[in-house]
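S.K.: Here you go, sequence then predicted model.
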Amino acid sequence: MSKTRTIWQIHGTDAHRMALQLLEACDAIRLVPSGGAVALKPNLILADVAQNGAVTHPGVVSGCIAYFREHGVANVSIIESSWIGDNTIRAMRRAGYEDLCRRYNVPFYDLKRDQTHSVHTAIGNMSICARALDAGLLVDLPVLKGHCQTRMTCALKNLKGCIPDHEKRRFHALGLTKPIAALGAALKPGLVVVDSICGDLCFEEGGTPVQTNMMYACTDAVQADSYGRSLMGLAPEDVPYIELAERYGAGCASWNETDLVLLNEASAACGYGTPDATVARLTRCVHQDKACSACFAALVRALYATDGDHGHDIYIGQGWQGKALDGLGVGKCCKGAARYVSGCPPTADAVVRKLEGEG
């Protein structure tokens, strides 16, 4: 694999196919040691379906299984433990993983029942599940979504499913930031594939999904979170565990546009569907005409990050191409606006800066 810190990104609606294409693009098989096992770690925080924005789409997992099987890896498993108070097996069944495991003959391991190893970390000894630590390749499959305590959750926080419940309680007692960063340095996934298809806008339990129809992959969990933070329209101070994880040695938080490899155009993400009540409230001053879901989601996330209404008209979508617009245009289709945010799609971070008058 290339030594460059690349982020591969794809848009679409077929999670299985998107995952396959991402792993092919990054040549993921080179990350598997000879004879090594692959452990896939999705986010199954609670018993729900992926369409509500909280758990990893089963197609993301099946695409990864198909890729590694096609490249000769026989030992592939799924590992996870749901949050305290929910049952992991109930969660995997509700999300459609039982059928997936049966179809591909892949075992699912509930890490609530796993043995643990004591590992020295930046905050002292920590119990970490053996199946995560001992995997030849640990593949982190988080959902990029909001979180009520840490503002967002993605690759680093998804690793919290690889510790026993008593450690999860301790993480909360310690305030989450330092433990998340320390765990990221102690348990480094070799590959991260981020499900940003419809992650929740503001809450880890789901219920307010934002249809982005996008996924991305990289080999650095810190970079994955840093890029995800920009897609959410959040500032470094909003999610401080990312830079702390970098200081602890978990990875590198920096990225720039040259790191991105776009496997297709944002238009592959299709148009945005009917918004729910929260999204409708945030976008009441938005004039949308044939907007791709990736572009519209970036705007929604930016409006949420900046508390919504900014008192002026906002235009978005292919229907505004070539037209002079009196207001703010979002995306290259709306460059005829008096002010506009470039990009196809722009990140929510770029939209935030323009909304706040910094760009």
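M.R.: That came in fine, so what should we check first? All values reported here derive from a predicted model rather than from experimental measurement. Numbers count the residues shown, from 1 in each chain.

S.K.: just the strands in the stretch 51-200 of the chain please.
M.R.: Counting by DSSP state E, counting those that start in this stretch, the segments of the stretch 51-200 of the chain that form strands are 76-80, 108-110, 116-121, 124-129, 137-141, 145-147, 151-153, 191-196.

S.K.: Nearest to residue 301, out of those?
M.R.: Set against residue 301 and scored by C-beta to C-beta, the strands of the stretch 51-200 of the chain come closest in strand 145-147, at 8.7 Å. In this view, the C-beta of every residue, glycine as well, is placed from N, C-alpha and C.

S.K.: and that closest one, which strands flank it?
M.R.: Sheet pairing for strand 145-147, assigned by DSSP bridges, gives strand 151-153 (antiparallel).

S.K.: circling back: switch the strands of the stretch 51-200 of the chain over to TSV; also include mean neighbour count and distance to residue 68.
M.R.: As requested, the strands of the stretch 51-200 of the chain are arranged in TSV below (neighbours: other C-beta atoms under 10 Å; distance: least, C-beta to C-beta, whole Å):
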stretch	mean neighbour count	distance to residue 68
strand 76-80	24	5
strand 108-110	18	16
strand 116-121	15	25
strand 124-129	18	21
strand 137-141	26	9
strand 145-147	23	26
strand 151-153	23	25
strand 191-196	27	10
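
S.K.: With distance to residue 175 and mean pLDDT as extra columns, can I get these in a markdown table?
M.R.: Conversion of the strands of the stretch 51-200 of the chain to a markdown table gives the following (distance: least, C-beta to C-beta, whole Å; pLDDT from 0 to 100):
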| stretch | distance to residue 175 | mean pLDDT |
| --- | --- | --- |
| strand 76-80 | 24 | 98 |
| strand 108-110 | 27 | 98 |
| strand 116-121 | 15 | 97 |
| strand 124-129 | 14 | 97 |
| strand 137-141 | 22 | 98 |
| strand 145-147 | 14 | 92 |
| strand 151-153 | 14 | 94 |
| strand 191-196 | 24 | 98 |
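
S.K.: Format those as JSON lines; extra columns: distance to residue 96.
M.R.: Compiled in JSON lines, the strands of the stretch 51-200 of the chain are given as follows (distance: least, C-beta to C-beta, whole Å):
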{"stretch": "strand 76-80", "distance to residue 96": "12"}
{"stretch": "strand 108-110", "distance to residue 96": "12"}
{"stretch": "strand 116-121", "distance to residue 96": "28"}
{"stretch": "strand 124-129", "distance to residue 96": "23"}
{"stretch": "strand 137-141", "distance to residue 96": "14"}
{"stretch": "strand 145-147", "distance to residue 96": "18"}
{"stretch": "strand 151-153", "distance to residue 96": "21"}
{"stretch": "strand 191-196", "distance to residue 96": "14"}
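
S.K.: For burial, what's the neighbour tally of residue 307?
M.R.: By the other C-beta atoms under 10 Å criterion, the neighbourhood of residue 307 contains 8 residues.
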